[in-house]
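# What follows is a predicted protein model with its sequence.
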Amino acid sequence: MSIEKQICGAALEAVKALYGQEVPEAMVQLQKTKKEFEGNLTLVVFPFLKMSKKKPEDTATEIGAYLVGHCPAVASFNVVKGFLNLCIACGAWLDLLADIDSADTFGHREVKADSPLVMVEYSSPNTNKPLHLGHVRNNLLGWSLARIMEANGNRVVKTNIVNDRGIHICKSMLAWLKYGNGETPETSGKKGDHLIGDYYVAFDKHYRKEVASLKEQYLTEGMEAEAAEKKAKEEAPLIKEAHDMLVKWENNDPEVRALWKKMNDWVYAGFDETYKAMGVGFDKIYYESETYLKGKAKVEEGLAKGLFERHEDNSVWADLTDEGLDRKLLLRSDGTSVYMTQDIGTAEMRFKDFPIDKMIYVVGNEQNYHFQVLSILLDRLGFKWGRELVHFSYGMVELPNGKMKSREGTVVDADDLMELMVADARRTSEEAGKFDDMTEGERAEIARVVGMGALKYFILKVDARKNMLFNPEESIDFNGNTGPFIQYTYARIRSIMRKAAAAGLDSAISAAGISTDLNEKEIALIQKMNDYGTVVAQAGKDYSPSGIANYCYELTKEFNQFYHDYSILREEDGNKKLMRLVIARNVAKVIKNGMSLLGIEVPERM
């Protein structure tokens with residue numbers, strides 16, 4: 001039983017014994033003692049004053065005396081007004097350390113066959129361009145959130161919805177036909193997603209030229225500037241050809257569909273490489289080309305049930321004014337679908353594939369309204385999780401020189417970014433002399449682990465709801481709140497454990513039966529490790545990977561402060577040495593488990 005539960009139970013007994021009343025467990029408020037006061041845990045006694053009919057100080061003193069006499073976990077107490085500061089007995093800390101040591105996944109809840117099924121959707125790329133920095137944040141948040149939900153005892157399905165249809169896809173296809181000369185990933189030496197992205201940029205380049213030329217023509221004919229630009233954008237030959245291609249795709253033209261499949265396959269092969277390097281994956285991938293027709297059918301079904309309304313121009317709308325919103329278009333007058341329709345179709349497919357209890361969409365905050373509407377529509381259409389769907393809304397990633405624009409080719413490419421991070425990690429490690437006794441294979445692997453750890457941690461330590469400024473140089477640092485700092489501490493502990501094993505101590509390192517005094521820093525480390533389960537639970541409740549990241553940093557910092565002040569292997573007292581080895585081993589374990597929830601690997605040596 002945890003220390004908190006022991007004290008909580010004893011406090012309830014104290015109130016009954018001292019004041020003759022039974023109170024609910026929720027009335028017992030325990031918190032960490034503030035640093036300026038003596039103690040480890042503080043019991044707030046104000047809720048019990050009506051029962052004691054005494055001053056806060058007197059009530060706290062009576063309850064404190066009862067706890068010392070009846071709860072073995074409490075060694076002593078002091079009172080500050082209505083706050084009862086409790087000093088925990090050394091034996092209780094050692095028992096807690098034994099509990100932590102006995103569980104490989106301490107702080108995680110077990111996933112059972114009947115656990116709730118949570119689906120997490122993330123990534124959502126377009127097949128007209130490679131993944132960029134914005135996708136990196138999305139994928140890392142989605143993967144981490146899935147791991148956190150699993151650590152909270154949920155079954156998890158990780159899904160991706162690929163936007164593989166629409167005018168933007170046709171733009172890349174048309175540009176390749178016009179300017180590609182049959183170029184392929186093999187002949188160009190480029191990843192397929194990069195190759196197709198180049199043609200998306202090429203389309204925009206040529207389209208802009210056409211628009212500029214037509215606008216100049218319309219201006220010379222006496223047209224107003226705004227009207228001239230609008231007409232030029234609509235009449236440019238390239239955009240007309242792209243729309244014609246989209247119509248052919250919608251009508252299943254065999255040549256267009258064959259080209260579409262070939263180019264999309266190039267992109268998927270490229271995506272797979274990027275996902276593998278990023279360390280993320282999916283249990284099921286859906287494609288909008290397969291879901292949009294199902295969405296249309298579901299909307300027609302809702303129309304027949306009177307859930308939606310058809311206007312005179314044949315368009316279909318949902319009236320959400322009773323929800324404080326507006327009217328939402330679901331089908332255009334020509335019968336074509338919109339994004340909302342596609343999301344309804346995707347939900348229909350997913351619900352048939354999996355008995356979902358909760359659905360989490362990892363999508364940027366520019367889509368907040370979209371998911372507010374989708375939640376209402378899915379609820380009306382009978383999806384049990386519709387009203388409670390979670391839009392894990394995150395902020396944009398910004399650069400020192402402004403926002404990214406795919407059409408203009410000014411994005412930070414995900415592959416280039418990861419390559420840069422690994423290279424920077426290698427350079428930094430070499431300059432610090434950390435690779436001196438390693439083989440080339442070890443250097444390359446550690447550079448990969450550290451570089452990717454730096455990238456992931458830098459992104460995930462920030463509250464996901466906030467916009468963030470990405471600066472790679474700040475992330476590769478072996479000091480401060482960074483991934484490499486945490487990884488280096490883990491590697492240091494593993495080195496200590498290897499030295500202990502070489503000295504023949506490994507078989508003796510056990511929390512069971514250790515009897516020794518503990519200093520403040522040792523207690524602080526045990527207490528900090530004990531917080532891990534609460535942090536994991538809160539991260540699952542708040543959908544907050546940053547909570548895990550910052551906990552790992554705080555635990556790492558706590559250990560380094562301890563290690564600076566106290567020796568482990570050179571400690572002369574045998575019991576203290578073993579106890580410190582147990583603490584070190586479990587700090588490493590908790591760091592490894594916590595970082596794994598962020599998708600971050602930790603190296604055995606650095």
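Thanks, I have it.

# And for residue 279, the neighbour number?
With neighbours defined by other C-beta atoms under 10 Å, the count for residue 279 comes to 17. All C-beta spots, glycine's among them, are computed from the backbone N, C-alpha and C.

# quick one, phi/psi of the nearest residue to it once chain neighbours are set aside?
Leaving aside its sequence neighbours, residue 279 sits nearest to residue 599 (C-beta to C-beta, 6 or more residues apart in numbering; 5.3 Å). When read as degrees, to the nearest 10, the backbone of residue 599 gives phi 80, psi 20.

# and residue 599, what does it touch?
140, 143, 144, 147, 279, 280, 456 (C-beta atoms under 8 Å, 6 or more residues apart in numbering).

# C-terminal to the helix or strand of the chain with the lowest mean pLDDT, which secondary structure element comes first?
Within the chain, confidence by mean pLDDT, DSSP states H and E is lowest for helix 472-475 among all helices and strands, at a mean of 76. Scanning forward in sequence from helix 472-475 by DSSP states H and E, the next helix or strand is helix 483-502.

# What is that next one packed up against?
helix 440-460, helix 545-565, helix 574-596 (3 or more C-beta pairs under 8 Å, 6 or more residues apart in numbering; DSSP states H and E).

# What sits closest to residue 302 if chain neighbours are left out?
Closest to residue 302 by C-beta to C-beta, 6+ apart is residue 308, at 5.0 Å.

# I'd assumed residue 320 was in contact with the one you found.
No. Residue 308 is beyond contact range of residue 320, at 10.5 Å (criterion: C-beta atoms under 8 Å).

# how much space between the residue nearest to residue 279 and residue 54?
53 Å (C-beta to C-beta, to the nearest Å).

# cool, residue 518 as well?
34 Å.

# When those two are compared, which one has more neighbours?
A count of neighbours by other C-beta under 10 Å puts residue 518 above the other of residue 518 and residue 54, at 20 against 16.

# got a list of contacts for stretch 197-209?
Contacts for stretch 197-209 (C-beta under 8 Å, 6+ apart): 128-130, 168, 171-176, 178-180, 190, 236, 238-239, 242, 406-409.

# Burial check on the closest residue to residue 130 other than its chain neighbours, number of neighbours?
Of all residues not flanking residue 130 in the chain, residue 193 sits nearest, at 3.9 Å (C-beta to C-beta, 6+ apart). For residue 193, the tally of surrounding residues (other C-beta under 10 Å) stands at 28.

# thought residue 193 was touching residue 129?
Yes. Counting by C-beta under 8 Å, residue 193 touches residue 129, with 7.0 Å between them.

# helices or strands up against the least confident helix or strand of the chain?
Checking 3+ C-beta pairs under 8 Å, 6+ apart, helix 472-475 ends up next to helix 414-431, helix 440-460.

# pLDDT on the shortest one, on average?
Average pLDDT, helix 414-431: 91.

# Buried ones only from the contacts of stretch 197-209, please, as a ChimeraX command.
In ChimeraX, this line selects whichever of these come out buried by 16 or more other C-beta atoms under 10 Å:
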select :128,129,130,168,171,172,173,174,175,176,180,190,236,238,239,242,406,407,409
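
# Sketch out the low-pLDDT regions of this protein for me.
Residue ranges of the chain with pLDDT under 70: 399-410.

# which residues of it fall in strands?
Counting by DSSP state E, the segments of the chain that form strands are 29-32, 41-44, 74-80, 83-88, 117-121, 155-162, 284-287, 309-310, 316-319, 327-331, 358-364, 390-394, 397-398, 468-469.

# one step back: tell me the spacing between the residue nearest to residue 279 and residue 574.
40 Å.

# One more: residue 508?
9 Å.

# which residues of the stretch 251-400 of the chain fall in helices?
Listed in chain order, the helices of the stretch 251-400 of the chain (DSSP state H, counting those that start in this stretch) span 254-278, 288-304, 339-353, 368-380.

# gap between the residue nearest to residue 279 and residue 483?
Distance, residue 599 to residue 483, using C-beta to C-beta: 11 Å.

# okay, and the common contacts of these two?
residue 456.

# residues touching the closest residue to residue 491 other than its chain neighbours, list them.
Once flanking residues are discounted, residue 491 sits nearest to residue 606: 4.1 Å by C-beta to C-beta, 6+ apart. By C-beta under 8 Å, 6+ apart, residue 606 lies in contact with 429, 434, 446, 450, 487, 488, 491.

# Setting aside sequence neighbours, what's the nearest residue to the fourth one?
Sequence neighbours aside, residue 425 is the residue nearest to residue 450 in space, at 4.1 Å (criterion: C-beta to C-beta, 6+ apart).

# my guess is that neighbour contacts residue 475, does it?
No. Residue 425 is not in contact with residue 475 according to C-beta under 8 Å; the separation is 9.3 Å.

# out of these two, which sits in the busier spot?
Comparing residue 425 with residue 475 by other C-beta under 10 Å, the one with more neighbours is residue 425, at 25 against 22.

# From the contacts of stretch 197-209, which land in helices?
Using DSSP state H, the subset of the contacts of stretch 197-209 located in helices is 168, 171, 172, 173, 174, 175, 176, 178, 179, 238, 239, 242.

# And for the first one, nearest residue in space, chain neighbours not counted?
Translated: residue 168. residue 128 (4.9 Å).

# for residue 475, same thing?
Nearest to residue 475 is residue 458, by C-beta to C-beta, 6+ apart, at 3.7 Å.

# Contact partners for the one you found?
Here residue 458 is in contact with 470, 472, 474, 475, 482, 483 (C-beta under 8 Å, 6+ apart).

# Residue nearest the middle of the chain, spatially speaking?
residue 141 (2.6 Å; C-alpha atoms, centre = their mean).

# Next up, the contacts around that one.
122, 362, 392, 394, 459, 460, 464, 545 are the contacts of residue 141 under C-beta under 8 Å, 6+ apart.

# Distance check, the closest residue to residue 295 other than its chain neighbours against residue 161.
Nearest residue to residue 295, sequence neighbours excluded (C-beta to C-beta, 6+ apart): residue 345, at 2.7 Å. As judged by C-beta to C-beta, residue 345 and residue 161 stand 10 Å apart.

# hey, what's in contact with both of the two?
Residues touching both residue 345 and residue 161 (C-beta under 8 Å, 6+ apart): residue 291.

# so how many other residues sit close to the residue nearest to residue 302?
Residues within reach of residue 308, counting by other C-beta under 10 Å, total 22.

# How about residue 289?
Around residue 289 there are 20 residues (other C-beta under 10 Å).

# The residue nearest to it when sequence neighbours are not counted: what's it in contact with?
Once flanking residues are discounted, residue 289 sits nearest to residue 165: 4.5 Å by C-beta to C-beta, 6+ apart. The contact partners of residue 165, by C-beta under 8 Å, 6+ apart, come to 249, 288, 289, 292.

# Can you get me a residue count around the second one?
Residues contacting residue 288 under the criterion other C-beta under 10 Å number 23.

# ok so, going back, the residue nearest to residue 295 touches residue 291, doesn't it?
Yes. The criterion here is C-beta under 8 Å, and residue 345 meets it with residue 291 at 3.9 Å.

# Can you name the residues that contact residue 129?
Here residue 129 is in contact with 172, 193, 196, 197, 200, 406, 411 (C-beta under 8 Å, 6+ apart).

# mind checking which of the helices and strands packed on helix 483-502 is nearest residue 380?
Among these, helix 545-565 comes nearest to residue 380, with 32.2 Å by C-beta to C-beta.

# Alpha carbons of the closest one, as PDB, please.
Taking Å, rounded to 0.1, in the frame of the first residue of the first chain, the C-alpha atoms of helix 545-565 are listed here in PDB:
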ATOM      1  CA  PRO A 545       3.000  14.700 -23.400                       C
ATOM      2  CA  SER A 546       4.800  17.800 -22.100                       C
ATOM      3  CA  GLY A 547       3.900  16.700 -18.500                       C
ATOM      4  CA  ILE A 548       5.800  13.500 -19.000                       C
ATOM      5  CA  ALA A 549       8.800  15.400 -20.600                       C
ATOM      6  CA  ASN A 550       9.100  17.900 -17.900                       C
ATOM      7  CA  TYR A 551       8.800  15.200 -15.200                       C
ATOM      8  CA  CYS A 552      11.700  13.300 -16.800                       C
ATOM      9  CA  TYR A 553      13.800  16.400 -16.700                       C
ATOM     10  CA  GLU A 554      12.900  17.100 -13.000                       C
ATOM     11  CA  LEU A 555      13.800  13.500 -12.000                       C
ATOM     12  CA  THR A 556      17.000  13.700 -14.000                       C
ATOM     13  CA  LYS A 557      17.900  17.000 -12.400                       C
ATOM     14  CA  GLU A 558      17.100  15.600  -8.900                       C
ATOM     15  CA  PHE A 559      19.400  12.600  -9.500                       C
ATOM     16  CA  ASN A 560      22.300  14.700 -10.800                       C
ATOM     17  CA  GLN A 561      22.100  16.900  -7.600                       C
ATOM     18  CA  PHE A 562      22.200  13.800  -5.500                       C
ATOM     19  CA  TYR A 563      25.100  12.300  -7.500                       C
ATOM     20  CA  HIS A 564      27.000  15.500  -7.200                       C
ATOM     21  CA  ASP A 565      26.800  15.400  -3.400                       C
END
